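1. This is a predicted model, with the sequence first.
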Amino acid sequence: MKVLNLYSSATGNTDKVARRIETAVQETGHEVKTIKADKDVDLNILAYDFVFVGSGVYSWLPGKPLMELVERLREEYARSGEIRPASPRRPGKKAVVYCTFGGGHTGANEALPAVKYMGQLFDHLGYEIIDEWYLSGEFHGKLHPLSTTGRLGNILGRPNEADLQEISQKVFGIMRV
């Protein structure tokens, strides 16, 4: 099975998760290509059977590099006819969408739009979205104080090793199916 591990990370939180996904997929014996999103990425999503896609959450949305890539790919796939009315499922094509977020004001609700946004490209292409993962991630820079005063409580150091172990276990389970 060909696996794509596509992500965007501005602070390193999502990078930790993406690297753990990569390692876990490799440990299950599958080929995986890990790509950090940017405007110059040349990518054919349909060449992959399984996609992990993730980003940090910024003002309720994924990081700008991933948003720009998703929009460009959506336009390309629509022009080529790969996005079809009713978005019929493509047998054997599956995806997991995830994010890291601080949730300083309204908790996990701040992350929901980002995950739904990222998932839409894959849903439109006929991939089955089999799971959504929401991982706490500490704030960096000027927002760092929200890591201890926000709605999620103390999220310093997150995603931490326990969070990453949970991701590994989820990947192991999913890749067995």
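-> Alright, I've got the coordinates.

2. all contacts plus neighbour counts: C-alpha atoms, from now on.
-> Fine.

3. Kindly provide the distance from the residue nearest to the spatial centre of the chain to residue 142.
-> In the chain, the residue lying closest to the centroid (C-alpha atoms, centre = their mean) is residue 54, at 1.4 Å. Distance of residue 54 to residue 142, given as C-alpha to C-alpha, to the nearest Å: 23 Å.

4. Residue 124 now?
-> 37 Å.

5. Would you mind telling me which of those two has the busier surroundings?
-> residue 124 (20 against 7; other C-alpha atoms under 10 Å).

6. and the residue of the chain most remote from its centre, what does it touch?
-> Distance from the C-alpha centroid of the chain peaks at residue 149, with 25.8 Å (C-alpha atoms, centre = their mean). Going by C-alpha atoms under 8 Å, 6 or more residues apart in numbering, residue 149 touches residue 104.

7. ditto for residue 95
-> Contacts for residue 95 (C-alpha under 8 Å, 6+ apart) come out as 50-53, 122, 127-131.

8. residue ranges of the helices in this structure, please?
-> 13-27, 64-80, 112-124, 146-149, 161-176 (DSSP state H).

9. any chance of these in a markdown table, with distance to residue 106 and mean pLDDT too?
-> Compiled in a markdown table, the helices of the chain are given as follows (distance: least, C-alpha to C-alpha, whole Å; pLDDT from 0 to 100):
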| stretch | distance to residue 106 | mean pLDDT |
| --- | --- | --- |
| helix 13-27 | 19 | 98 |
| helix 64-80 | 22 | 97 |
| helix 112-124 | 11 | 98 |
| helix 146-149 | 12 | 93 |
| helix 161-176 | 21 | 97 |
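
10. now the ones you listed in TSV, with distance to residue 93?
-> Formatted as TSV, the helices of the chain follow (distance: least, C-alpha to C-alpha, whole Å):
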stretch	distance to residue 93
helix 13-27	16
helix 64-80	16
helix 112-124	9
helix 146-149	37
helix 161-176	13
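
11. For residue 137, find the nearest of the ones you listed.
-> Closest approach to residue 137 among the helices of the chain is made by helix 13-27 (6.0 Å; C-alpha to C-alpha).

12. Would you mind extracting the C-alpha trace of that closest one into CSV?
-> What follows is helix 13-27, C-alpha atoms only, in CSV (Å, rounded to 0.1, in the frame of the first residue of the first chain):
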residue,chain,number,x,y,z
ASN,A,13,4.0,20.5,17.1
THR,A,14,2.5,19.0,13.9
ASP,A,15,6.0,18.0,12.7
LYS,A,16,6.4,15.8,15.8
VAL,A,17,3.1,14.0,15.0
ALA,A,18,3.9,13.7,11.3
ARG,A,19,7.3,12.1,12.1
ARG,A,20,5.7,9.7,14.5
ILE,A,21,3.1,8.7,11.8
GLU,A,22,5.9,8.1,9.4
THR,A,23,7.8,5.9,11.8
ALA,A,24,4.7,3.9,12.7
VAL,A,25,3.7,3.4,9.1
GLN,A,26,7.2,2.1,8.3
GLU,A,27,7.0,-0.3,11.2
